[in-house]
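[1] give me coordinates for this.
(one chain, ligands or ions: 1)
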Amino acid sequence: MSLEGQHPVNLNTLYQQVILDHYKKPRNKGELLVDPVFGKHLHNPTCGDDIEVTVNLDAEGKIEDVKWNGRGCSISMASASMMSIALRGKTPNEAKSMMTAFYGMMKGEAGTYKSLGELQALSGVSKFPVRIKCATLAWHCVEEGMKEREEIDNKGGSANG
Ligand code: ZN
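    Numbering: from 1, shown residues only. Okay, the predicted model is just below:
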C-alpha cells in the first residue's frame, strides 16, 4: 500500500467539494408530481435538521423517483441529495442493502463501500459521532417510510387474499 493510500489528503479535499456541491446545488429537492408510494418526515433535534423524503415506485416495484424537502446543515442536505440519486432504479431490497452499507460506513466499520459511489464522500463523518445523525436522517426517512408501507401492504394483502 502506498503512503498516499494511507493518508488520502487529496481525497478528503475532493470529498469536501462533493459535499459542498450537493449542499449548494441540491438534486431532486422538491415534491413528487404524483402521490408518493411511501414517505416520511423526520427531525434531528441534535442539529435541527428537518427532512421529508417521498418515494415513488414504478410498475415493476423499482424506485422510480425520490424527492426530498427540508433544511439543515450541509451534511444532512448533501446526504439527502446524494441518496436521492443513488436510490433511483433500485428495488426496495437493493435500497435496503445500500442503506445497510451506508450505516456501516457511518459506524466506521471496515469494508469497501464502492457500491455507494459518490456517497463515499460522507465517509469522514464516521469520525464525528454527533454528525452521524445528520448524515443518516434522510436514510431513516426512507427506511421508516418503507417499513410503514410494507406493514400496510401486508395487512391489505391478507385481508384481500
Ligand atoms: Zn446536521
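
[2] from the chain's centre, how far out does the helix or strand hosting residue 153 sit?
    Using DSSP states H and E, residue 153 maps to helix 129-160. Relative to the chain's own centre, helix 129-160 is displaced by 12 Å; criterion: Cα atoms, centre = their mean, to the nearest Å.

[3] what does the protein put close to the ion?
    When proximity is defined by Cβ under 5 Å from the ion, the chain lies next to the ion at 47, 49, 72-73, 76, 134. From N, CA and C alone the C-beta is placed, and that goes for glycine too.

[4] sort out for me which of the residues you listed are in helices.
    If you go by DSSP state H, the residues of the chain next to the ion have 76, 134 in helices.

[5] drop anything exposed from the residues of the chain next to the ion.
    47, 49, 72-73, 76, 134 (16 or more other Cβ atoms under 10 Å).

[6] confirm for me that residue 30 is in contact with residue 65.
    No - counting by Cβ atoms under 8 Å, residue 30 stays clear of residue 65, with 10.4 Å between them.

[7] with neighbour numbers in mind, choose between those two.
    Shown here are residue 30 and residue 65; by other Cβ atoms under 10 Å, residue 65 has more neighbours (18 against 10).

[8] am I right that that one is in a strand?
    Yes - secondary structure of residue 65 (DSSP: H, G, I helix; E, B strand; the rest coil): part of a strand.

[9] list the contacts for it?
    Going by Cβ atoms under 8 Å, 6 or more residues apart in numbering, residue 65 touches 28, 32, 55-56, 88.

[10] ok, now how distant is it from residue 118?
    18 Å (Cβ to Cβ, to the nearest Å).

[11] and for the residue nearest to residue 62 when sequence neighbours are not counted, the neighbour number?
    Of all residues not flanking residue 62 in the chain, residue 91 sits nearest, at 5.4 Å (Cβ to Cβ, 6 or more residues apart in numbering). Residues contacting residue 91 under the criterion other Cβ under 10 Å number 13.

[12] try residue 127
    Counted by other Cβ under 10 Å, the residues lying close to residue 127 total 9.
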